[in-house]
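Engineer: Here is a sequence together with a model predicted from it:
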Amino acid sequence: MMRWHRIIGLITGILIVVLALSGIALTHSTQLGLDRRTITAPWLLSWMGAQSDAEIYFYALGPHSVAILDDRVFFDGVMIAQTLEGGVGAVKIANAIAVAGKSEILLLTENGALIERVTALPVPVTGIGVTQDGRVAVALTPDLVFTSDDALLEWRQVNDQPVIWAAPGLIPAAIREQILQGHRGAGLSTERIMLELHSGRIFGNYGPWLMDGAALAMLALAATGVTGWIRGRKRGDGSDAR
């Protein structure tokens, strides 16, 4: 019994320390200011799912730029309020910028303000471009291309019409860092990290089970310890009686 007591203690020692220290920290969270302190370490944000590993698609449009990360759109490195599912590309048209997703187009002013969402268009969009006369073109497949009228209200299929298709370019390092900072926000509070650590969720899907196992191991340690002590007392009483 004492041998198993020592083995369980060695295996669960680290998890018990984590449980104890994180529990103490959460108990005094307000006094320690854990809810006010944030952590922005990229590796930790990525591990906890607060930072995207998706590729940033960057489009230089004259003096301005549009970038797409996940379902977020960034104008000149600043995240706009509108989301866009399945970002496809962005093009400059007369006095406006068209940013395409697979099922809609965000029409922005030259300063990045939303003019309207265009949802009445052929879908699913796989590419966006501009014709030689400045009209928006969308591709569903390489051989299925539609162009719009000036108001992006009517679409017609075209064949063999030259189109300049949007293609992502190299993103400047400064804008990339600005986009990543905007995407992850102010970071994660230390209190949330302690909660994730205490519950075991920081270790992944099986983390809570791991912490449950540590809690059960603590009970087993108590049981084996008490049992060993009782048996030791009994042996001692027996020897005294003899």
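Structural biologist: Structure's in. What do you need?

Engineer: Check what contacts stretch 24-36 and list those residues.
Structural biologist: S189, T190, E191, M194, L195, H198 (Cβ atoms under 8 Å, 6 or more residues apart in numbering). Backbone N, C-alpha and C define where each C-beta goes, glycine included.

Engineer: Looking at the residues you listed, which are in strands?
Structural biologist: Judged by DSSP state E, the subset of those located in strands is S189.

Engineer: Of the contacts of stretch 24-36, which is the nearest to A222?
Structural biologist: Nearest to A222, judged by Cβ to Cβ, of the contacts of stretch 24-36 is H198 at 20.0 Å.

Engineer: okay but the closest one is in contact with G23, surely?
Structural biologist: Yes - the pair H198 / G23 is scored as a contact, 5.9 Å apart, by Cβ atoms under 8 Å.

Engineer: Which residue comes closest to A215 once chain neighbours are left out?
Structural biologist: L19 (7.4 Å; Cβ to Cβ, 6 or more residues apart in numbering).

Engineer: Flag the shaky bits of the chain, pLDDT-wise.
Structural biologist: 1-2, 5, 8, 40, 42-43, 45-53, 185-188, 236-242 (pLDDT under 70).

Engineer: which SS class is V226?
Structural biologist: Classification of V226 by DSSP: H, G, I helix; E, B strand; the rest coil places it in helix.

Engineer: roughly how far apart are it and P172?
Structural biologist: Going from V226 to P172 by Cβ to Cβ, to the nearest Å gives 65 Å.

Engineer: Between those two, which has more neighbouring residues?
Structural biologist: P172 (13 against 10; other Cβ atoms under 10 Å).

Engineer: ok, L34 to T119 distance?
Structural biologist: 44 Å.

Engineer: who has more neighbours, those two?
Structural biologist: L34 (19 against 10).

Engineer: H198 and G23: which has the busier surroundings?
Structural biologist: For H198 and G23, the more surrounded residue by other Cβ under 10 Å is H198, and the numbers stand at 19 against 12.

Engineer: Let me know the helix or strand that the closest residue to that one other than its chain neighbours is in.
Structural biologist: Among residues not flanking H198 along the chain, S22 sits closest, at 3.9 Å (Cβ to Cβ, 6+ apart). According to DSSP states H and E, S22 maps onto helix 2-27.
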